[in-house]
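K.L.:
Sequence first, predicted coordinates after that:
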Amino acid sequence: MPAVWAVWDVWDENSPDRIIKPVAGDRVFRWITAVCAAAIPVLMAGLVCVMVFNSHLALKKFGLGFLTSTAWNPIAQEYGALSSIFGTGVSTLIAMLIAMPMGLAVALFLVEWAPPKVEAFFGTAIELLAAVPSIIYGMWGLFVFAPFMADHVQPLLGRYLGFLPLFKGPPMGIGMLTTGIILALMILPFISSVSRDVFKMVPSVLKESAYGLGATNWEVTKGVILPYALHGIIGAGFLGLGRALGETMAVTFVIGNSHRLSASLFETGNSIASTLANEFTEASEPLYLHALVALGLVLFLITVTSQIAAQLWLRHIIKKAGGK
Amino acid sequence: MMEETMSKTNKSLLAVILFIAANIAGALHAGPIIHGAGASFPYPVYSQWAHKYNQITGVKINYQSVGSGAGIRQIKAKTVDFGASDAPMKAEELDESGLIQFPMVIGGVVPVVNIKGINPGDLHLDSKTLTEIFLGKIKTWDDPAIIALNPGIKLPSKAITVVHRADGSGTTWIFTHYLSAVSSEWKERIGTGKAVSWPVGVGGKGNEGVASYVQRIKGSIGYVEYAYALQNKLSHILLQNRAGEYVPPSTETFMAAAEGADWEHSAGFYVVLVDQPGKKSWPITGASFIILYKEQDDAVHAETLLNFFDWCYKHGDEIAIGLDYVPIPDSVVEIIKSAWIKEIKSNGKQVWH
C-alpha cells in the first residue's frame, strides 16, 4: 500500500521492500505538520459553528428576508443586510474595474518594456505599497484624498456626467466612489506583483517568434502574453477581490457609514465590514448582536463562494484551452 | 577551574531568578487593583484621576474604554469591579440585576457647523429648526426658518449635510434623547438610542470621525462632545433653551443644567439633563454613570472602590475642569453618598460609613 503510506514513509526504488522506514524524529516532524494541516479545516468548521450559534436569533427572526431587507433600526429591532451587501459589492466592483487593467498595465510595462534598473525600482516600490497598513490608507483617504475628490474630481464629474444617476448629489468627497478608488489603490500592488511574476514566466521563445513574424507590441500582448498568463492573471484578480471584499478600516473611514441604498456613487453607504467595525462595541441587545454576527456570516459566505467560483472557472478555462 | 566558573555562573543565574521572582511577588502585592470598563467619553478624565490616585494611595485603577454597551455587559458578567455608561440604565433594569448606578462626571453635546463665513457662536438655532435639519426637512442653509432666527447673517444657499455617529454611542443617546424631548415627531419616527435609524446624513466613527467629517464637508452640521468641538476649533451654534434664551456651550451652562435637575427623587439616578429649565442651562447636557453591584463579595475591596470615587468627587474637580468636563455638584454628591450607605452591602453589612 505505498500510496497510503507515501505520506509517512519514503518510497525508495532501490531498497528491497521499496520503503525506507523513517527515523523517529522524522515521524514526529511529519505528525506535527499533519496536525497543523488538519487544524485548518477544524478551525473553519468551528468558525462557522460559532457564527451560526451567535446569530441564530437574527436568522430565526428574519430568515432569508435578512438578505433582502434594507431596514437597520436598532430601536425598532429591525435588521436587514441588503444595504451592507450592496455597499460591499459596489465598492469592490469599482475597485476591481480600476485595479485590474491598471495592475496588468503596470506589470506589462515592468516586464516587457522597462529597463532592468527601472523594473527593479518600481517593482520594489509596488511591493512596498502592499505593506502599507490599511488604516494609513483610510486616514490618507479621509484627510487628503476625500477633500481632493470634493474640490476637484466630483464637481467635474457632476458638471459633465451629472445627467447620469451615477454622478448625482453634492460633492462631499467621501462616499462610494472615493471608497472604490482607495480600495483599488490597496489591491493594485497585489494584482500587479502577482501578474509581474506570471508575465515573467512567459517563454521568451514564444514572444520572439511572434515579433519575428512581424507582430506589434499590442499583438504580442494580446495574442501571446495574455493567453499564456491568463491562469495566473485570474488568480491575481481573485487575490485582490478577496482583500477588497473584507477590507475594513480604510472603508470605514471614507464610505460615510449610512444604511442606505443609492444609485449615485457620490452618496454615502456602508459595507459589511464597516458596519461590523462601527457597531459591534455598543450593541447591547441580544438581537442586535446576533444581526451583526449574521452579517459576518454573510461576508464569510460571499468570500467562500467567490473563491469556489474562481476555482471552478479556472478549471473550466483550463479544460477549454485543452491543458492538463 | 572549570567547576569554579560553572558554579559562579550558576550563582549569578540563581541571583537573577531570585531577583525576578521577588519583583513579581512585589508587583503582586503592590496594592489593590480595581478593574473598570465602559464608556469612552469620560475615559480621559477617569484615566487622569486613576493616575493621580495611584500616585497618592498606591491603589491601581485599570479602566478600559470599550464603550458603554460593553461596559454594561462586563459588569453584569462580573469581569470588572465597576462599569461605566453614558446612557443611564433604567431603574427596573438595575433592580433586576442588583446593580446601583450614580453619575460621575457631566459633559455636553454640541451641534457644530461648517458654513463659509460663520464663526463659532454666530449661528442661532432653536429646537424646532435643529430637529427639522436632522429629520431632513430643512435642506438648505438659506431656509426661511433659519434666516428668521439669524437676521443680519448672510447664509449661503448651500445644501445641508447632516453628520451623525456611525458607531453606537452615549453621545448619540444624549443627542437623540434631546431631539425626542423637544419634538414629538422625532420621538415617534426615530426615537432615542445609542444608534438610531437616521433619516438623512453621513456617519463618522467616533467623536473624532464626526469632527473630521464636519471639517471636510462644506455645509455640514454634526454633533460632538464639547471637548472635541474645542480641540478641533469647530463652529458651535447658540441653541435656544427651555427658558427661551440662546446659550453657548460651556462648563458654566452644563453646570446650570445639572443643578436644575431633580436628583433626589429620581430612582436609580436616572436623570437625563436634556432640555432642563433655567436661563443659563445648555439644553443637551448629559452625565456619565458608574455602575456597581449592590451586593459586594469582599467588603475591603468594595471600600477601596468607593474610596476612589469619593476621592474623585472631593479632589477631582480641577482635573475634570482642566479637561473640559463638569464635576458633579456637591449637593448631588451628598445624595449619592447617602445612596451608598443605604444600598451597598457586603454580607448584610453596610460598606460605606
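P.N.:
Yep, it's here.

K.L.:
In space, what's closest to the residue in the stretch 101-250 of chain B that chain A sits nearest to - neighbours in sequence excluded?
P.N.:
Closest to chain A within the stretch 101-250 of chain B is B:G168: 2.7 Å, counting by C-beta to the nearest C-beta. C-betas here are computed from N, CA, C, even on glycine. Spatial nearest neighbour of B:G168, excluding adjacent residues (C-beta to C-beta, 6 or more residues apart in numbering or on different chains): A:E282 at 2.7 Å.

K.L.:
pLDDT wise, what is the one you found at?
P.N.:
Looking at A:E282, its pLDDT reads 76.

K.L.:
Give the helix, strand or coil label for the residue of the stretch 101-250 of chain B closest to chain A.
P.N.:
coil (DSSP: H, G, I helix; E, B strand; the rest coil).

K.L.:
That one: how many residues sit nearby?
P.N.:
B:G168: 26 surrounding residues under other C-beta atoms under 10 Å in any protein chain shown.

K.L.:
Chain A contacts on the stretch 201-350 of chain B?
P.N.:
B:G201, B:V202, B:G203, B:G204, B:K205, B:G209, B:S212, B:Y213, B:R216, B:I217, B:K218, B:G219 (C-beta under 8 Å from any C-beta of the partner chain).

K.L.:
just the helices in the stretch 1-150 of chain B please.
P.N.:
B:2-28, B:43-57, B:68-76, B:91-97, B:127-135, B:144-149 (DSSP state H, counting those that start in this stretch).

K.L.:
Next: the stretch 201-350 of chain B.
P.N.:
For the stretch 201-350 of chain B, the helices defined by DSSP H, counting those that start in this stretch cover B:206-216, B:226-231, B:251-260, B:299-315, B:317-322, B:330-343.

K.L.:
Which one of those helices lies nearest to A:I85?
P.N.:
Checking the helices of the stretch 201-350 of chain B against A:I85 by C-beta to C-beta gives helix B:206-216 as the closest, at 23.1 Å.

K.L.:
The residue nearest to B:G168 - how many residues pack around it?
P.N.:
For A:E282, the neighbour count with other C-beta under 10 Å is 29.

K.L.:
close enough to count as contact, it and B:V196?
P.N.:
No. Under the criterion of C-beta atoms under 8 Å, A:E282 makes no contact with B:V196, lying 12.0 Å away.

K.L.:
where's the residue in chain A positioned nearest to chain B, which helix or strand?
P.N.:
Nearest to chain B in chain A, going by C-beta to the nearest C-beta, is A:E282, at a distance of 2.7 Å. Counting by DSSP states H and E, no helix or strand carries A:E282.

K.L.:
And A:V48, by the same measure?
P.N.:
Using DSSP H and E, A:V48 falls in helix A:24-53.

K.L.:
Show me what counts as buried in that helix.
P.N.:
Buried residues in helix A:24-53, counting neighbours by 16 or more other C-beta atoms under 10 Å in any protein chain shown, are found at A:M51.

K.L.:
Which parts of chain A are strands?
P.N.:
A:10-11, A:19-20, A:72-73, A:78-79 (DSSP state E).

K.L.:
ok, now the stretch 51-200 of chain B?
P.N.:
Here the stretch 51-200 of chain B has its strands, by DSSP state E, counting those that start in this stretch, at B:60-65, B:82-85, B:99-114, B:124-125, B:161-165.

K.L.:
so of the ones you listed, which one's packed in deepest?
P.N.:
Neighbour counts (mean count of other C-beta atoms under 10 Å in any protein chain shown) averaged over each of the strands of the stretch 51-200 of chain B peak at strand B:82-85, with a mean of 28.

K.L.:
returning to what we had before: could you dump the strands of the stretch 51-200 of chain B to CSV with distance to A:I182 and mean pLDDT?
P.N.:
Below are the strands of the stretch 51-200 of chain B laid out as CSV (distance: least, C-beta to C-beta, whole Å; pLDDT from 0 to 100):
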stretch, distance to A:I182, mean pLDDT
strand B:60-65, 28, 90
strand B:82-85, 35, 93
strand B:99-114, 23, 93
strand B:124-125, 35, 95
strand B:161-165, 20, 94
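
K.L.:
Can you check which of the ones you listed gets nearest to B:F269?
P.N.:
strand B:99-114 (5.3 Å).

K.L.:
Quickly run through the sheet partners of that closest one, with directions.
P.N.:
strand B:220-225 (antiparallel), strand B:235-236 (antiparallel), strand B:285-293 (antiparallel), strand B:326-327 (antiparallel) (DSSP bridges).

K.L.:
would a markdown table of the ones you listed with mean neighbour count and mean pLDDT be doable?
P.N.:
As requested, the strands paired with strand B:99-114 are exported to a markdown table (neighbours: other C-beta atoms under 10 Å in any protein chain shown; pLDDT from 0 to 100):
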| stretch | mean neighbour count | mean pLDDT |
| --- | --- | --- |
| strand B:220-225 | 27 | 94 |
| strand B:235-236 | 20 | 94 |
| strand B:285-293 | 26 | 92 |
| strand B:326-327 | 24 | 90 |
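
K.L.:
where's the closest residue to A:T92 other than its chain neighbours relative to A:L265, distance?
P.N.:
The spatially closest residue to A:T92, leaving aside those adjacent along the chain, is A:A244, at 4.4 Å (C-beta to C-beta, 6+ apart). Noted for A:A244: a distance of 16 Å to A:L265, by C-beta to C-beta, to the nearest Å.

K.L.:
Please list all residues in contact with B:R216.
P.N.:
Neighbour list for B:R216: A:L142, A:F143, A:A146, A:P147, A:A150, A:M172, A:G173, A:I174 [criterion: C-beta atoms under 8 Å, 6 or more residues apart in numbering or on different chains].

K.L.:
Noted, bye for now.
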